[in-house]
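[1] kindly return the folded structure for what I paste below:
(chains A and B)
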Amino acid sequence: MSPIVKQKGEKFTIPGKYLLLIFTLICLVLMMITYGTTVFDKAMSGAAGAVVVPFEKGVARIGEWLGNRKEEFRTVEDLLEENAELKAQVDQLTEENTILNQEKYELNQLRSLMQLSDEYDSYNKVGARVIAGDSDNWFTSFIIDKGSNDGLDVDMNVIAGGGLVGIITKVEPNWSRVKCIISDGCNVSGQILSTGDTLIVSGDLELMETGHIRFSRLSETAQEASVGDKIVTSQISDKYLPGLLIGYVNSIDWDNNNLTKSGELTPVVDFQHLSVVLVITDRKQEIEEK
Amino acid sequence: MSVARKITIGISIIVFFLLQVSVFSHLHLGGIVPNLMILLVSVYGFIHGERYGIVIGFFCGLLIDLFYGDFIGLNALICTFLGYLNGQFYGMFFAEDIRLPLWLILGSDMTYGVTVYILRFLLRGKLDFWYYLSRVILPEMLYTILAGILIYPLILRIYKAFEEARDRSDIGRA
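    Just a heads-up that it's a prediction; the model follows:
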């Protein structure tokens, strides 16, 4: 672009500084409006979704394929080692399974006695494909290929691999955004399954590379929780359905106040390799209203 | 700037956004993905000048906000300023020189990272800046600059093709 041509362009003559001011004001106004309300949200992201999402579905397949090729570079030793570990685990699990089957039989009998239904199975679920990951390295959320057209709505819980993945924070006709529980600033109310004591599970970027999540404010009553105990979502959460598995206690320590405990837990979900998730279409608020 | 050129820029923004969220999110190294949108804002900023930098930055940021922002405008604001700042180097830009573009991309990504840290982490009381710098900001810069070495020549080729086409039509008119 030579200076001569720049002079010729008559229609675009607002100086850069004023243009910057105008766009800054637009951004500030947008922020103020969309912080509390969802007025613009629907129209603008609806339009963007209509343009981008159809392509995203195709491109996501390519990305997944490339990701799988990358995985194949793992060395054979790694795989052999993992295989041996898994075999040992299979033996252990088979043993556990037989015990659990016996217990299940007993449980079913007791349930029919108490006239309780199995809540976890009775949730309505919809499968969805992950079509886009995150745009930056600070927060962890992803986009799935189903939206309000498929009956999804904000605050619906998302599970995969038997554990809690996150919650839907935004819904458009053909896509939704899921915020992961490992994302920084995300808090879930949970409880230790064996003792019933409640705690808060909070995502933390500083722990993300270790693959753990922090939990805090565990106030114990009679029984003490130990490493390996299951942590599930609690009854008192206002958005998360009760009894969804979050992970296992990895470490546990007294807080400085000597009243509560905190520590780290290992999530059951492999957040690095999510491709298909299940959305529970029952929402906590609605279930309680029924 | 011709309409065809503006459309090309618009398409490239969408293509880079798709690459960023759908392809590179699978090709992460140690959980880090390159920031292609910042790369694009930076490059378009210094090859087209501050006014185009502002407009392109605004739309790139808006696209991120629409899909990933809890509210709309924050990324748009950061990218608008990055576009403007990169536009200040418009006069110093030569197509043959690769060092200035790479330094500008690095600087832009660092500015973006530090701004996000201050606005969304420091204000929540997360004070361990060195952790975030070494774990997120620096790896992202490194990966972005690697992506930049591959992608910048491509953008430059499109830029040169449009420049030549315009020169030819100018000569034809004269």
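[2] low-confidence stretches in the chain?
    Went with chain A since none was named. Judged against pLDDT under 70, the low-scoring parts of chain A cover residues A:1-12, A:41-42, A:74-75, A:109, A:111-121, A:222, A:287-290.
[3] wrong one, I was asking about chain B
    Residues of chain B that meet the criterion pLDDT under 70 lie in B:174.
[4] can you pull out the helices in it?
    Assigned helices in chain B, in chain order: B:3-18, B:36-48, B:50-68, B:74-87, B:99-120, B:129-132, B:138-173 (criterion: DSSP state H).
[5] could you tell me the angle between the helix or strand hosting A:Arg177 and helix B:50-68?
    The secondary structure element spanning A:Arg177 is strand A:176-180 (assigned by DSSP states H and E). Going by axes from the mean of the first three to the mean of the last three C-alpha atoms, to 10 degrees, strand A:176-180 is angled at 80 degrees with respect to helix B:50-68.
[6] partners of strand A:176-180, with directions?
    According to DSSP bridges, strand A:176-180 has the following sheet partners: strand A:141-144 (antiparallel), strand A:163-171 (antiparallel).
[7] how far does that strand sit from its chain's centre?
    Taking C-alpha atoms, centre = their mean, to the nearest Å, one finds strand A:176-180 lying 6 Å from the centre of the chain it belongs to.
[8] what's the most buried one of the strands paired with strand A:176-180?
    Ranked by average neighbour count under the criterion mean count of other C-beta atoms under 10 Å in any protein chain shown, these are headed by strand A:141-144 at a mean of 24. Glycine gets a C-beta too; all of them are placed from N, C-alpha and C.
[9] what lies in contact with it?
    Residues lying outside strand A:141-144 but in contact with it, judged by C-beta atoms under 8 Å, 6 or more residues apart in numbering or on different chains, are A:53, A:56, A:128-134, A:158, A:166, A:169, A:175-180, A:183, A:274, A:277, A:279, B:21, B:67-68.
[10] what's the answer for stretch A:214-221, then?
    With C-beta under 8 Å, 6+ apart as the test, stretch A:214-221 has contacts from A:190, A:192, A:195, A:197-204, A:207, A:225, A:231, A:249, A:252, A:255, A:259-265.
[11] take those and keep only those in helices.
    Residues of these located in helices (DSSP H): A:Leu207.
[12] now restrict the contacts of stretch A:214-221 to buried residues only.
    Buried residues within the contacts of stretch A:214-221, counting neighbours by 16 or more other C-beta atoms under 10 Å in any protein chain shown: A:190, A:192, A:195, A:197-204, A:225, A:231, A:249, A:252, A:260-265.
[13] the residue of chain B found nearest chain A: neighbour count?
    Taking C-beta to the nearest C-beta as the measure, the point where chain B comes nearest chain A is B:Ser25, at 2.6 Å. By other C-beta atoms under 10 Å in any protein chain shown, 20 other residues sit near B:Ser25.
[14] right, and it touches A:Ala132 too?
    Yes - counting by C-beta atoms under 8 Å, B:Ser25 touches A:Ala132, with 6.9 Å between them.
[15] got the contact list for A:Ile22?
    For A:Ile22, the residues meeting the contact criterion (C-beta under 8 Å, 6+ apart) are A:Ile14.
[16] same thing but at 10 Å, please
    Taking C-beta atoms under 10 Å, 6 or more residues apart in numbering or on different chains, we find A:Ile22 in contact with A:Ile14, B:Ile54, B:Phe58, B:Thr80.
[17] out of the residues you listed, which are buried?
    For those, burial is judged from neighbour counts taken by 16+ other C-beta under 10 Å, and it is met by B:Ile54, B:Phe58, B:Thr80.
[18] you'd agree A:Gly228 is in a helix?
    No - residue assignment for A:Gly228, taken from DSSP: H, G, I helix; E, B strand; the rest coil, gives coil, which places it outside any helix.
[19] which single residue in chain A comes nearest to chain B?
    Shortest chain A-to-chain B distance, computed as C-beta to the nearest C-beta: residue-wise this is A:Gly133, at 2.6 Å.
[20] how many other residues sit next to that residue?
    Each residue near A:Gly133 was counted by other C-beta under 10 Å, and the total is 23.
[21] ok, it touching B:His28?
    Yes - the criterion here is C-beta atoms under 10 Å, and A:Gly133 meets it with B:His28 at 8.1 Å.
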